[in-house]
Structures are given as structure tokens and as C-alpha cells.
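Novice: after the sequence you'll find the predicted model.
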Amino acid sequence: MADLESQLLQALNEKECIADSGDFAKSQGVDHMAVVGVIRSLQASEMIVAEDIDHFRYALTEESQTYLTAGSPEAQVFAAVGPDGITLAELKVKVPGEAGDVGFKQAMQQKWLALDKSGGEPRVVRKVDSIVDSTQALLADIAAGKEVPKADAENLAKKRKLIKPEQWKTYKLTKGAKFALERKKPATDLTFDMLAKGTWRTQEFKDYNFNALGVLPAGGHLHPLLKVRTQFRKIFTQMGFEEMPTNQYVESSFWNFDALFQPQQHPARDAHDTFFLTKPAATPSDRGVPADYLQRVQEVHEVGGYGSAGYGYSWKLAEAEKNLLRTHTTAVSSRMLYRLANQPGGFKPAKYFSIDRVFRNEAVDRTHLAEFHQVEGLVCDRGLTLGDLIGVLQQFFSRLGLKKLRFKPAFNPYTEPSMEIFSYSEQLGKWMEVGNSGMFRPEMLRPMGLPEDVNVIAWGLSLERPTMILYGIDNIRDLFGHKVSLSMVRRNPICRLGL
Ligand code: PHE
């Protein structure tokens, strides 16, 4: 290609003009399309100017190509008839197919042949001794690229369909404004050398390509979960919530379950749903849990209190000391509520939220992993009601763009009443579960020391679910874990949640 380019520039330099690129291609022994490629590229660099030359010619069809040697159909039929004539049936055998039919008709029209019906079966006979095959001669001229009379060409093309029109372009080439024997590579940068020598004045520079995509920054990129988390954080902080410290994946069963009035033989605690630690397997209860509080939790489980009958079983300290990977961020909420109840200066109302990782020993599939993130919010204040919970949820979810909510009674060991939250998706045309909520039970709050008129409304949802919807990811393994594509992490767009 580069060779062809310099050949072309050379030829143009010598003769100032290449009259027809088609002839040039022939002289180089290359296909004209190859020359067209070179012309286009040199034209773009303004090194040459190309002027269109339109070409038109007739070409032989596959059928008429055979007539160049065998003669036209009418000539074939004339030859077949011979001086003695033959029957129509014999003719059909000698010149079969279309050539026979068309040739017979043409020969009759030209009055070369006649049908003799005088005796018995009609016979085809010659009316002239010899013929000139002018159709074959015309086809031979056209095949050789010679001019033929327009009327003859049109007759062959339109009536007899023996030739077909062909159109193509070649180019007349002259030197362009930036003609040179060799292509100069335009500079992409101004250098010290150019400035020092003054060559920048004549140096050609490459144009800026404002459509080019920028180079990806080599630094880190935010994963979609981090972007969505940031938006959730903004929504919570705009609503006056304070973030809870969640930097503790390992919890004791006490904060994850017992403090939440979840009975020790509850199925969620057994090895199917909870990852228990083996090393260290337990947290001694005197670390961070005052003895009197521990005592009250034991009592409420065993015999109740605060208007509750309790569960009536024998509560085991060893079970509460078992270490686990927290199964929900509500473990953090229970620590924080205990702290709130016992802070110096006494209880003050609070609004808390958290967004962090939790772990469950579940079968992994396209919507479940053994670890995920929970978003949790709670309001702790005097005299709160279910109406407050519904109002806060309405505010919170409408900031996510989910304005239509419905609630369905549900069960959590630590809330009463409990509600599943559903939102109507205009996109999917159906109600979707978007979260879980409730009012923390007195069996959880009173042992902590929260005043009797203080209630806590709380709700939780996963971070993965909205992220998958927002980013159009339908398999959670494409969002989180070892199968995640790094280019997805590099290229994922900003999160428009809550805008
Ligand atoms: N902890 C619950 C869950 O794991 C969510 C929740 C939080 C429910 C607060 C009610 C109140 O699904």
C-alpha cells in the first residue's frame, strides 16, 4: 500500500496529472479499489486533488458469453435446420432450451426460415442460403469494449437481455495544496527543539480531535456499591441522621441476637444461617456488657417483664458469648441504643443510620451471596408511633424516587409491629419488596434502660438490590465477588439516585 502510494506520488510529480486512475491501476497491475484507498487517504491530507470520471459500459451476461463461440441462438437454429430442413420436434432436440425457442423466433422474424406445412408434419426450412450473425458480432464488439450503435445496444439490453449496464468511477488526479513526494507526519506536540530552531513556524501540527475519549485515569475507581452508598448517606444526612460506627464484622451473639430478644434456639442462629467463629470462638461477656444489663436480658428471655411473658426457657450465657460474623447491622443498632440509654446526662432523642456488610450462610445464586450490605435507619424518641414510622419511610423512599409505598404485616423477633415495605415500580409495572421495618419491642429497649415512653422505629434494606436495578445488573455475581469485571468497575457511570 505504502509502495503504491509512493508510485502514485512519483507518477503525479513527473506528469503533473494522472488522467485516469483506472489506467494507472492497470499500469501497476493492481485492482482499482486498492488505488482508490490510496487516493482517499492522500486526498484527506490535501496532497492530491481527485476529480470524478464517470464510466458506463455494457457487459455480457453469462448466457450471452456462450454465444461468442457457439453463435447467437438464431444462428444456432439456422445451422441446425440445414439445407434439407427438419421437423419442430427434431429442432427442439438439436437446439434445446431457451436458445432453441428464442433462436427460432428470431430466425423467423429475420425471414431466414419458414414453416412448410404443405405435406404431413410441418417442417422448418431455410429461406436463404447463408446468413451473417450480426448479433454475435455485436456481442463480440461489446466484449472487446468497442462502441456499438446505441439502438443495437438498447435492443440487446432491454429486449433480449443479453447485455447489462455497468457504472463505475475512476479519478483524474492532480497535485494538491500540500503535495509532496513523501507524506509528512504532522507533529503532535510543540518541542523545545522547534522553539529553539524556529521550525515551529513551518512545522505542520496534527489537529486536535475533540471527539477522542480521554485516557482513563490510572488511579482507583469507585465500585457501583460505593456510589450508591454515597447517595444513601446523602439522603440520611439530609434527613438529619447520624452514621453509626459499623467497623466490626465480628460480633458476639449477645449483640447480634440476645439483646434483640431473639431466643437462643431460634432457627436463624443455628449453623445454617450464621457463620460462627472458631478462633476466637467466644467473647467473654464481661467485655463491654455490664453485668446488670446481662442480668436483665437473661430475665426478659426467661420470665419476661415490661408487660411480656418472656420465652420461658433456660437462657445460657455460653450461647450469648459465641462469636459470629454479624448477620445484620441491627447488631450495631443494639449497641448504639444501649449506649444512648446510658450516656452521661441521660437519654436524648437520636436518628441513626448505617450502611455496611453483613454475612449469612446461604446458598449462592444469581440474587444471593453469603455476604451483602445492609442499609439501616432508626429513630429513637419519646412517643413515636407506627404513623411516625410510615411517615419517615415515605420521606426516605420518596428521596430514592419510590413514591408509591404499601405495607404488609410481617414478623421479626425484635420488632412489633413489623412491616414489609413494597414499592410500585412504574418500570416493571408491579409491586416490589424494597425493605423491612418495625418498632423495636419493649423486651429489647427496656432492659437497655431506655425510658418507658421512648420508642424506636427502624427499617432496613439491602444495598445490592437498588444498585442492581440502577446499574442494570441481573446477576449479583457480576456486581460483587471474584467474577466482577474490572472494566465494569472502571467504566460504571455516576449514580443518579435521589437526583
Ligand atoms: N434487620 C432486619 C433484616 O436483617 C432489617 C430490619 C431493621 C428490620 C430494622 C426491622 C427494623 O432484614
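Specialist: Sure thing, it's come through.

Novice: contacts, neighbours, all on C-alpha from now
Specialist: Will do.

Novice: from the ligand, how far out is residue 346?
Specialist: To the ligand, residue 346 is 24 Å away according to Cα to the nearest ligand atom, to the nearest Å.

Novice: nope, residue 60 is what I meant
Specialist: Using Cα to the nearest ligand atom, residue 60 is found at 80 Å from the ligand.

Novice: so what's the residue count around the closest residue to residue 483 other than its chain neighbours?
Specialist: Nearest residue to residue 483 in three dimensions, chain neighbours excluded: residue 477, at 6.2 Å (Cα to Cα, 6 or more residues apart in numbering). By other Cα atoms under 10 Å, the residues close to residue 477 number 18.

Novice: residue 477 against residue 371, yeah?
Specialist: No. Using Cα atoms under 8 Å, residue 477 is not in contact with residue 371, being 11.3 Å away.

Novice: give the residues shared as contacts by those two.
Specialist: By Cα atoms under 8 Å, 6 or more residues apart in numbering, residue 477 and residue 371 have no common neighbours.

Novice: so where's this protein shaky on pLDDT?
Specialist: Along the chain, the parts satisfying pLDDT under 70 run over 1-2, 271, 498-499.

Novice: tell me which parts of it are close to the ligand?
Specialist: Residues of the chain that fall close to the ligand, judged by Cα under 6 Å from any ligand atom: 328, 330, 376, 436-438, 458-460.

Novice: how does the protein divide into domains?
Specialist: Listed by the TED database, the domain ranges of the chain are 1-61+162-208, 73-132, 225-491.

Novice: can you put those domains in CSV and add distance to residue 219?
Specialist: Shown next, in CSV, are the domains of the chain (distance: least, Cα to Cα, whole Å):
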stretch, distance to residue 219
domain 1-61+162-208, 25
domain 73-132, 75
domain 225-491, 10
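
Novice: residue boundaries of the strands in the stretch 301-450 of the chain?
Specialist: 323-325, 350-359, 371-382, 405-412, 415-425, 430-440 (DSSP state E, counting those that start in this stretch).

Novice: contacts for the longest one next, please.
Specialist: Under the contact criterion Cα under 8 Å, 6+ apart, strand 371-382 has outside partners 328-330, 333, 348-360, 453-464.

Novice: parallel or antiparallel, list what pairs with that strand.
Specialist: Next to strand 371-382 in the sheet, as set by DSSP bridges, lie strand 350-359 (antiparallel), strand 454-462 (antiparallel).

Novice: report the angle between it and strand 430-440.
Specialist: Strand 371-382 and strand 430-440 are oriented at 50 degrees to each other (axes from the mean of the first three to the mean of the last three Cα atoms, to 10 degrees).

Novice: now do the buried residues in strand 371-382.
Specialist: Neighbour-count burial for strand 371-382, with 16 or more other Cα atoms under 10 Å as criterion, is recorded at 371-381.

Novice: next: stretch 259-272.
Specialist: Within stretch 259-272, the residues scored as buried using 16+ other Cα under 10 Å are 259-264, 268-269.

Novice: just the CA trace of it, in PDB.
Specialist: The C-alpha coordinates for stretch 259-272 follow below in PDB (Å, rounded to 0.1, in the frame of the first residue of the first chain):
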ATOM      1  CA  ALA A 259     -30.000  -8.100  73.100                       C
ATOM      2  CA  LEU A 260     -32.600  -8.100  70.300                       C
ATOM      3  CA  PHE A 261     -34.800 -10.600  72.200                       C
ATOM      4  CA  GLN A 262     -34.100 -13.300  69.700                       C
ATOM      5  CA  PRO A 263     -34.400 -16.600  71.500                       C
ATOM      6  CA  GLN A 264     -31.300 -18.800  71.700                       C
ATOM      7  CA  GLN A 265     -33.000 -21.800  70.000                       C
ATOM      8  CA  HIS A 266     -34.300 -19.600  67.100                       C
ATOM      9  CA  PRO A 267     -33.600 -21.400  63.800                       C
ATOM     10  CA  ALA A 268     -31.700 -18.400  62.400                       C
ATOM     11  CA  ARG A 269     -29.000 -18.800  65.000                       C
ATOM     12  CA  ASP A 270     -28.100 -22.400  64.000                       C
ATOM     13  CA  ALA A 271     -25.200 -23.200  61.700                       C
ATOM     14  CA  HIS A 272     -27.400 -22.900  58.500                       C
END
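
Novice: that one: how far from the chain's middle?
Specialist: Centroid separation for stretch 259-272 versus its chain: 43 Å, with Cα atoms, centre = their mean, to the nearest Å.

Novice: contacts for stretch 17-28?
Specialist: 11-12, 31-32, 35, 53, 170-175.

Novice: can I get those in CSV with neighbour count?
Specialist: Shown next, in CSV, are the contacts of stretch 17-28 (neighbours: other Cα atoms under 10 Å):
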residue, neighbour count
11, 15
12, 20
31, 12
32, 17
35, 21
53, 14
170, 22
171, 21
172, 15
173, 21
174, 20
175, 19
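
Novice: switch these over to TSV; also include secondary structure and distance to residue 204.
Specialist: As requested, the contacts of stretch 17-28 are exported to TSV (DSSP: H, G, I helix; E, B strand; the rest coil; distance: Cα to Cα, whole Å):
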residue	secondary structure	distance to residue 204
11	helix	25
12	helix	23
31	coil	33
32	helix	31
35	helix	26
53	strand	32
170	strand	31
171	strand	28
172	strand	27
173	strand	24
174	strand	22
175	strand	18
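
Novice: distance to residue 87 and mean neighbour count for the strands paired with strand 371-382 - can I get that in CSV?
Specialist: Below are these laid out as CSV (distance: least, Cα to Cα, whole Å; neighbours: other Cα atoms under 10 Å):
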stretch, distance to residue 87, mean neighbour count
strand 350-359, 98, 21
strand 454-462, 93, 23
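
Novice: redo these as a markdown table? Include distance to residue 214.
Specialist: Listed next are those as a markdown table, based on distance: least, Cα to Cα, whole Å:
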| stretch | distance to residue 214 |
| --- | --- |
| strand 350-359 | 33 |
| strand 454-462 | 35 |
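
Novice: appreciated, that's everything.
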